[in-house]
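*Asks:* Using only what follows, build the 3D model:
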Amino acid sequence: MVKLAIIHFNPIELYPPVMNWVNFLGEQEYPVEVKVFSMKVPGIPKSFQSKKPFIDIVRSGNQKNKSIILRYWSYFLFYAKTTFTLLWWRPDTLMYYETYSSLPAVLYHKLAGRRPRLFIHYHEYTSPEDYLKQGKFYRLLHKLERIIYPVSQWLSHTNQERMQLFLKDNQDILIPHPFILPNYPPRSWKPRKVLPVHTTPLKIVYIGALSLETMYVKEFIDWVLQQKGEVIFDIYSSNCTEDAKAYLQSMESDLVHLYEGVDYFSLPEILAKYDIGVILYKGHLQNYIYNAPNKLFEYLACGLDVWFPDILVTTRNYVTTDSYPKVISIRFSELDQFRWQNAVERDHLDYKPSVFYCDGVFDSLWRKIMPQTGLS
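*Replies:* As a prediction, this is how the structure comes out:
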């Protein structure tokens, strides 16, 4: 029996790759006991649960406390409960996500009689300059986690470009086992049939967080309106800045709609209604420039073409124009020159379904976690 602890400070409901990983673990036959430590988040109608009895999700602390005193009390509750549970339960394998999750892992590694095998994953890339902009507590956590990098059995980022930046930033420390763990959706999302693009009107969708400052929201909506009804644009967001929400709600147009965010696992049904999935990041940080967003692979998995800003360097690796679904780079500063009729053309093109599903990459991680099975 292997005991695997997964520490994810931020609520896992907001991080689909973690939910997909937990579901993957639930499908494995080898005997394993899993505890997932995360924070509570109010306002989500349905919290994520595993149907498997050997997977326990432990939530403590409330991330949405507006009072700084209550917020730090929640931090204390999360770190204390997680650390004491680890010391009592004594897992042999420990995986944590991001710097904020590192403290219980560091403490357990130092205090446990039998030191656990350590696995570390970063959803995002944080540059040294970005770390300096963070609070003292966050910087302290990063200083502590760097101590355990050399004894980790796995340390991963979502793509090769981010990993290269990370290794350069930490070249004074031994990182013996770097890996790439992309954020793909499950293979079950693969559509049975992909229909031709409907051009009247063209249906475009955006899923995810929304900001006027860091995304091409206004620019893209202006372009949509200029198409005079030939294009409609729907947005689904549970994380929308106040100014972005006010801007969208003030619009008097039937061509642009803002909807509440939806359950992640209902996305295949929702995305099936659309022709194009759009990505809007301006690339204001290296983290976004060197990013292949979750939504890129989610759109592709459901058979949608994808449009993205050309500033996203890593996403350019997935440009596809000789088959469909297409992935097309657009200069958002010159949208008036973009001819969408040419972009959606599929004459003489073959359909090639997405190959970017999480099942395969999780299998590689699973093999590293279970070496005693002979799978590694």
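
*Asks:* in the stretch 1-150 of the chain, which spans are helices?
*Replies:* Per DSSP state H, counting those that start in this stretch, the stretch 1-150 of the chain carries helices over the ranges 16-26, 68-89, 102-111, 128-133, 136-148.

*Asks:* Quick one: closest of those to Val355.
*Replies:* Closest of those to Val355 is helix 16-26, at 16.3 Å (criterion: C-beta to C-beta). In short, each C-beta sits where N, CA and C put it, glycine included.

*Asks:* Quick one: distance of that closest one to the chain centre.
*Replies:* 12 Å (C-alpha atoms, centre = their mean, to the nearest Å).

*Asks:* and what of stretch 2-14?
*Replies:* 14 Å.

*Asks:* and if you look at stretch 60-76?
*Replies:* That offset, for stretch 60-76, works out to 23 Å (C-alpha atoms, centre = their mean).

*Asks:* Same question for stretch 68-88.
*Replies:* 24 Å.

*Asks:* If Cys236 is in a bridge, with which residues?
*Replies:* Not quite, residue 236 is Tyr, not Cys. Ile207, Tyr259 (DSSP bridges).

*Asks:* Please renumber the chain so that the first residue is 18 from this point on.
*Replies:* In the new numbering, first residue 18, that becomes Tyr253.

*Asks:* How about Tyr139: what's its closest non-neighbour residue?
*Replies:* His174 (5.3 Å; C-beta to C-beta, 6 or more residues apart in numbering).

*Asks:* So what does the one you found have for phi and psi?
*Replies:* Torsion angles at His174 (phi, psi; degrees, to the nearest 10) stand at phi -120, psi 170.

*Asks:* Contact partners for it?
*Replies:* Going by C-beta atoms under 8 Å, 6 or more residues apart in numbering, His174 touches 138-139, 142, 180, 183, 195, 197-198.

*Asks:* now Val58
*Replies:* 28, 30-31, 79-81.

*Asks:* now do 10 Å
*Replies:* 27-31, 64, 76, 78-81 (C-beta atoms under 10 Å, 6 or more residues apart in numbering).

*Asks:* ok, the residues you listed vs Pro218, which is closest?
*Replies:* For the contacts of Val58, the nearest to Pro218 is Leu31 (31.8 Å; C-beta to C-beta).

*Asks:* do you know how far the spatially closest residue to that closest one that is not a sequence neighbour is from Tyr139?
*Replies:* Closest residue in space to Leu31, ignoring its immediate chain neighbours: Val58 at 6.9 Å, by C-beta to C-beta, 6+ apart. To Tyr139, Val58 is 21 Å away according to C-beta to C-beta, to the nearest Å.

*Asks:* What of Phe355?
*Replies:* Relative to Tyr139, and taking C-beta to C-beta, Phe355 is found at 34 Å.

*Asks:* Run a quick neighbour tally on the closest residue to Ala289 other than its chain neighbours.
*Replies:* Once flanking residues are discounted, Ala289 sits nearest to Cys319: 6.2 Å by C-beta to C-beta, 6+ apart. Neighbour count for Cys319, taken as other C-beta atoms under 10 Å: 24.
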